[in-house]
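J.: Return a 3D structure for these sequence lines:
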Amino acid sequence: MKKQNVRTLSLIVCTFTYLLVGAAVFDALESDEEKREKSRLENEEEAIKKKYNITEQDFEILRKNVRRSIPHKAGIQWKFAGAFYFATTVITTIGYGHSTPKTVGGKIFCMFYALCGIPMTLVMFQSIGERLNTFVTFILKHVKKCLKLKNTEVSQTNLIMVGLNMCTIVLTSGAAAFSIYEDWPYLDSFYYCFITLTTIGFGDFVALQKSKALQSRPDYVAFSLIFILSGLAVLSANMNLLVLRFLTLNTEDERREELEAAVAARGAVRLEGDIIVPNGNVIQGQPQENPEYSDLASVCSCTCYNLRARASEKKHRLLSRSPGGGKGAHHVQMTSMNSNRDQDLHSCSDDVSLQFPYQYLSRKRASI
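T.: So this is what the prediction gives:
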């Protein structure tokens, strides 16, 4: 099994294991609190019904009206400022759920608007992330040159570390600002920033939802939109680096396998007949259904030695070979040819020319 397949299978197993661990942890942390909160709300509900003598039907109507009135605390949601804020949460896939279309036309337009806007926004953030990484690379190179470091190249690890620091700065500074504007605890503000920039968007904490901020605080509206867009750009730049790093690991594995295959192929000679290895042993080849014999064929050793015949040598050579279909070895007499002339047979993978000035007998010319 290839390493890429093993890695993919491992990622699937790790993801499901991560889900199981997360479910167990959330169950342990939140289930008891949920039961206590439910019991408290039921007790308060019964106390209100008894105090004001409200029936179950009237209390349900009151509950629905209270729930519907929550979005209007920020002011009119569908004026231009509120609509722009909503459109931003749509195309960035944050989707707080604090405000949703109610009309048929609004719902249909929202679907088509998201269908076109989400891919465009993803491509935009990816492009911005690439430009940010290029700018950071330029800055890091100049910093290394100013520090007179020997290695001025910027690695992916350097970019990832810078990206993580930038994300930390954006989250911490944004949390401080929202803590002041919204009067939230700092931890809740940091939680809101993290949920927003990761586009999870639970909607339990949403900015610009009180004191009619959409109409009365244009500076705060502008800050919120700039924070969302710039924060997503920084986060997408870091995500691009992480994805690129993962793809680089796959590419390195593929190149390593190709290199190993090339090295193995460089040391192998493939013959349609038998193979004579350097130590003199004969490896039997696969017999052909219709073998063809030629008067001039070649037998090449794996080391491709350059053999030259001397004029004084008139000796007969013996070549031991085993036919593809038989078991016993045969001795084929080989006589020397013109000693003053070398005959080039073929070149091997390492571009070494083989000189073999003897007459020989084999099935077909070797192919490398």
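
J.: Residue 172: how many residues sit nearby?
T.: Residues lying near residue 172 (other Cβ atoms under 10 Å) number 14. Every C-beta, even on glycine, is put in place using the N, C-alpha and C of the backbone.

J.: hey, where'd the strands end up in the chain?
T.: Applying DSSP state E to the chain gives strands spanning 275-276, 282-283, 317-321, 330-334, 344-347, 353-355.

J.: what stretches of this structure score poorly on pLDDT?
T.: Within the chain, the segments meeting pLDDT under 70 span 1, 249-254, 267-368.

J.: Could you chop it up by domain?
T.: Annotated domains of the chain cover 1-53, 75-263 [the TED database].

J.: Please produce TSV containing those domains, extended by distance to residue 65.
T.: Output for the domains of the chain, formatted as TSV (distance: least, Cβ to Cβ, whole Å):
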stretch	distance to residue 65
domain 1-53	14
domain 75-263	15
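
J.: The ones you listed: which one's closest to residue 60?
T.: Smallest distance to residue 60 across these (Cβ to Cβ): 10.4 Å, for domain 1-53.

J.: Now do that closest one: distance to the chain's middle.
T.: Offset of domain 1-53 from its chain centre (Cα atoms, centre = their mean, to the nearest Å): 28 Å.

J.: next one: stretch 98-116
T.: Remark: stretch 98-116 is offset 32 Å from the chain centroid, using Cα atoms, centre = their mean.

J.: cool, stretch 226-236 as well?
T.: In terms of Cα atoms, centre = their mean, the gap separating the centre of stretch 226-236 from the centre of its chain is 21 Å.

J.: Which residue would you name as the spatial centre of the chain?
T.: Centrality entry for the chain: nearest residue to the mean C-alpha point is residue 243, 3.9 Å, by Cα atoms, centre = their mean.

J.: For that residue, give me its contacts.
T.: By Cβ atoms under 8 Å, 6 or more residues apart in numbering, residue 243 lies in contact with nothing.

J.: circling back: go through the domains of the chain and pick out the most buried.
T.: When these are scored by mean count of other Cβ atoms under 10 Å, the highest mean neighbour count falls to domain 75-263 (a mean of 15).

J.: Tell me the span between the first and last residue of that one.
T.: End-to-end distance of domain 75-263: 71 Å, with Cα to Cα, to the nearest Å as the criterion.

J.: which ones are touching residue 90?
T.: For residue 90, the contact set (Cβ under 8 Å, 6+ apart) comprises 110, 113, 114, 117, 118.

J.: Could you export those residues as CSV, including distance to residue 158?
T.: Below are the contacts of residue 90 laid out as CSV (distance: Cβ to Cβ, whole Å):
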residue, distance to residue 158
110, 42
113, 39
114, 37
117, 34
118, 32
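
J.: just those residues now: which is nearest residue 97?
T.: Nearest to residue 97 among the contacts of residue 90, with distances taken as Cβ to Cβ, is residue 110, at 12.6 Å.

J.: Chain neighbours aside, what residue packs nearest to that closest one?
T.: residue 101 (5.2 Å; Cβ to Cβ, 6 or more residues apart in numbering).

J.: For the one you found, give me phi and psi.
T.: Per-residue torsions, residue 101: phi -70, psi 140 (degrees, to the nearest 10).

J.: Quick check: it vs residue 119, distance?
T.: To residue 119, residue 101 is 21 Å away according to Cβ to Cβ, to the nearest Å.
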